[in-house]
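Participant: Below are the sequence and a predicted model; questions follow.
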Amino acid sequence: MIFDIVITSLIKGSTYAMLAIGFSLIFGVARIVNIAHTAFYMVAAYCIFYTTTQLGFNPILAIFVAVILVSLLGLITFKLLIAPIREHEAAVLIATIALAIALQEVMMILFTGDYRSVPPLVPGFATIMGVKVFYQQLLTFVSVLVVLGLMYLFLQYTRLGLAIRATAQDREVANLMGMNESQVAMLAMGISVGLAGVTGAVLAPLSIVEPHMWNHPLAMMLAVVVLGGLGSIKGSLYAAFILGTAEALVVFMIPAGAYLKGAVALSIMVFVLLVRPAGLFGVQFEEER
Amino acid sequence: MLEINDLTVCYDKAMILNGISLRVDEGELVSLVGPNGAGKSTTMRAVSGLVQWEKAQHRGNEGDITIKGTIEFMGHPIHRKPAHKIAEMGLILCPERRRPFKEMTVFENLRAGAYMIKDKKEAEHNLQNVYKLFPILQERSHQLSGTLSGGEQQMLAIGRSLMCNPKLLCIDEPSTGLSPIMRAEVFRKIMEIKAMGITVLLVEQEVSMVFKMTQRNYVLSSGKIIAEGSGEELLKDEVLRKTYLGM
């Protein structure tokens, strides 16, 4: 039981971390609240489903194709949908909600509403302390850690990473240092959506692929971001594991807890907003003037 | 080198700058002084392209910003250029309230300042020069810049602006909130920067020290240039001295 909870919270926590970090990244850099973030995750899962089961792609190749396609979709979205209305925060919010629903309906038309599944990349399981742990679960967890590690190195040690961090902290001063703020925003959008794509790709074999699969992760991701502090990547990482654990506890400890998992996210979100609206690691943005 | 002609900036209906003109020649140290709210910082923000950037951010929202007049830098009009292009031309603003990237270390801040320098050797050379000018930054290089004292943050902000070989360095109110000793130190460093051959446009409220350093000064009040001249000339005018310079 305890080990079950640990495994579930690690898996859940790491996927929420990936989603929330991508979401925080684009919010921090460009103040874009991208509600469609988890819809991109859903699209990636469908990409994996289509390329592996219908086209017979090798799973590794399928992951690459999915991530690249979804990142491109993100860049196109930024150019055509978000960039023209970026100054109006409410409009961005509405447009991204609309995009998420549109993507959901497109998937509904293409693949119907049937529940689909994707075969695991590595079949089989190991029994650790009496609990069945699927290799796919381990693989998902490890690949999340690897991707997050790469993200850290990228942000810390590359020129573009530096520009992203600088822009996230103070857009005006970043401009003064010769950083092209809108170009940095676009690249950050590509990376952010790419992260959502990776999450969808590695998680697809562990979950049911269906057009509404973006709803629950969206609620969880928003709760993570609120708990961790809007725009804080470090906060997102910690909060994701806290919420992942909370969700696993509710699902395992409370009878019929699986029905309550949405409520966990929302109640934590409400609680944090009441008690500490800035979240755990709330970033104080240098106010522009 | 820098020539502002009849620059007018309005935020919504408030006219912040009302047709100002000023000139900075190569190798000069020129100051722009005046009381609080005179429009000194807005002038700096317009020159560096931030007012234009802000205008683009607010497009269609309330509180429209209007900019009229021309700004020329080294013979090229820059009043329509985006801020990052202006920085690429070598006009660098060291902003008001210093604004270091607080979540980054001193070293990372300086590296961000050298963003435009693609040649690694050159960036390293500039870093060593900045460390030579401000040895305290080298001592503190791995400290988060948010934990520095005000004076150290000011040194960092100036150092960061120097990392990309500026031709014209605009410094906005470097002495605000510093102790008299620290102020003197900052002004001494600005003299050293001028001696390196970098043209400096200095915005200040602290007139007494500034007038000893500069050849020419502009006095700005309520969005208008009301006087121009050397410190001595300006201080001779009793009304000006008492009303606008607070001495």
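Facilitator: Thanks, I have the structure now.

Participant: Close to chain A: what parts of chain B are there?
Facilitator: B:48-50, B:53-54, B:56-61, B:82-84, B:87-88, B:92-93, B:95, B:99, B:101-104, B:108, B:111-113, B:115-116, B:160-161, B:164 (C-beta under 8 Å from any C-beta of the partner chain). (Each C-beta comes from the backbone N, C-alpha and C, glycine too.)

Participant: Can you select the buried ones from the residues you listed in PyMOL?
Facilitator: Only the buried entries of the residues of chain B next to chain A go into this PyMOL selection, using 16 or more other C-beta atoms under 10 Å in any protein chain shown:
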select buried, chain B and resi 48+49+50+53+54+57+82+83+84+87+92+93+95+99+101+102+103+104+108+111+112+113+115+116+160+161+164
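
Participant: The residues of chain B next to chain A in helices, which ones?
Facilitator: Counted as lying in helices by DSSP state H, out of the residues of chain B next to chain A, are B:50, B:53-54, B:56-57, B:83-84, B:87-88, B:108, B:111-113, B:160-161.

Participant: per-residue confidence at the closest residue to residue B:153 other than its chain neighbours?
Facilitator: Leaving aside its chain neighbours, residue B:153 sits nearest to residue B:98 (4.6 Å; criterion: C-beta to C-beta, 6 or more residues apart in numbering or on different chains). Residue B:98 carries a pLDDT value of 92.

Participant: And the one 10 residues further on, by the same measure?
Facilitator: If you check residue B:108, the pLDDT there is 96.

Participant: low-confidence ranges in chain B?
Facilitator: Applying pLDDT under 70 to chain B flags residues B:59-63.

Participant: Which parts of it are helices?
Facilitator: Using DSSP H, helices in chain B cover B:40-47, B:50-57, B:83-88, B:106-113, B:120-133, B:135-139, B:150-162, B:180-195, B:207-213, B:231-236, B:238-243.

Participant: elements contacting the shortest one?
Facilitator: It stands for helix B:135-139. Under the contact definition 3 or more C-beta pairs under 8 Å, 6 or more residues apart in numbering or on different chains; DSSP states H and E, helix B:135-139 sits against helix B:120-133, helix B:150-162.

Participant: what's next to it, contact-wise?
Facilitator: B:106, B:110, B:130, B:131, B:152, B:155, B:156, B:159 (C-beta atoms under 8 Å, 6 or more residues apart in numbering or on different chains).

Participant: how about 6 Å then?
Facilitator: Around helix B:135-139, the neighbours that count as contacts under C-beta atoms under 6 Å, 6 or more residues apart in numbering or on different chains are B:106, B:131, B:152, B:159.

Participant: With distance to residue B:223 and neighbour count as added columns, please give those in TSV.
Facilitator: Formatted as TSV, these follow (distance: C-beta to C-beta, whole Å; neighbours: other C-beta atoms under 10 Å in any protein chain shown):
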residue	distance to residue B:223	neighbour count
B:106	37	28
B:131	40	17
B:152	34	21
B:159	32	25
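
Participant: Of those residues, which is the nearest to chain A?
Facilitator: When those are compared for distance to chain A (C-beta to the nearest C-beta), residue B:159 wins out at 12.4 Å.

Participant: and that closest one, what is it in contact with?
Facilitator: Residues near residue B:159 by C-beta under 6 Å, 6+ apart: B:130, B:134, B:137.

Participant: Neighbour-wise, which one of these leads?
Facilitator: residue B:137 (25 neighbours; other C-beta atoms under 10 Å in any protein chain shown).

Participant: Give me the pLDDT value at residue A:1.
Facilitator: At residue A:1, pLDDT is 78.

Participant: next one: the one 5 residues further on
Facilitator: At residue A:6 the predicted local distance difference test score is 90.

Participant: That one: which element?
Facilitator: helix A:2-30 (DSSP states H and E).

Participant: centre of the chain versus that helix, how much separation?
Facilitator: Relative to its chain's centre, helix A:2-30 lies at 7 Å (C-alpha atoms, centre = their mean, to the nearest Å).

Participant: so, in contact with chain B or not, that helix?
Facilitator: No. Helix A:2-30 lies out of reach of chain B by C-beta under 6 Å from any C-beta of the partner chain, never closer than 10.6 Å.

Participant: C-terminal to that helix, what's the next element?
Facilitator: From helix A:2-30, the next helix or strand downstream (DSSP H and E) is helix A:37-49.

Participant: Would you mind getting the angle between that next one and helix A:2-30?
Facilitator: 120 degrees (axes from the mean of the first three to the mean of the last three C-alpha atoms, to 10 degrees).

Participant: Show me what from the stretch 51-200 of chain A comes close to chain B.
Facilitator: Residues of the stretch 51-200 of chain A lying near chain B (C-beta under 6 Å from any C-beta): A:87, A:162, A:166, A:169-170, A:172-173, A:175-180.

Participant: Out of those, which sit inside helices?
Facilitator: The members of those that map onto helices under DSSP H are A:162, A:166, A:169, A:172, A:173, A:175, A:176.

Participant: one step back: for residue B:7, state which of the contacts of helix B:135-139 is nearest.
Facilitator: residue B:159 (29.2 Å; C-beta to C-beta).

Participant: Chain neighbours aside, what residue packs nearest to that closest one?
Facilitator: The nearest residue in space to residue B:159 (C-beta to C-beta, 6+ apart) is residue B:130, at 4.2 Å.

Participant: Pretty sure the one you found sits against residue B:162.
Facilitator: Yes. Counting by C-beta atoms under 6 Å, residue B:130 does reach residue B:162; the two are 5.5 Å apart.

Participant: And the closest residue to residue B:67 other than its chain neighbours, how close does it get to residue B:22?
Facilitator: With sequence-adjacent residues excluded and distances taken as C-beta to C-beta, 6+ apart, residue B:67 is closest to residue B:9, at 5.4 Å. Applying C-beta to C-beta, to the nearest Å, the value for residue B:9 to residue B:22 is 14 Å.

Participant: What of residue A:230?
Facilitator: 41 Å.

Participant: again, but for residue A:244
Facilitator: Distance from residue A:244 to residue B:22, by C-beta to C-beta: 59 Å.

Participant: again with residue B:68
Facilitator: 16 Å.

Participant: Repeat that for residue B:244.
Facilitator: Between residue B:244 and residue B:22 the distance is 16 Å, computed by C-beta to C-beta.

Participant: what's near enough to touch the residue nearest to residue A:39 when sequence neighbours are not counted?
Facilitator: Counting by C-beta to C-beta, 6+ apart, residue A:39 lies nearest to residue A:100, which is 3.8 Å off, once chain neighbours are set aside. Neighbouring residues of residue A:100 by C-beta under 6 Å, 6+ apart: A:35, A:36, A:39.
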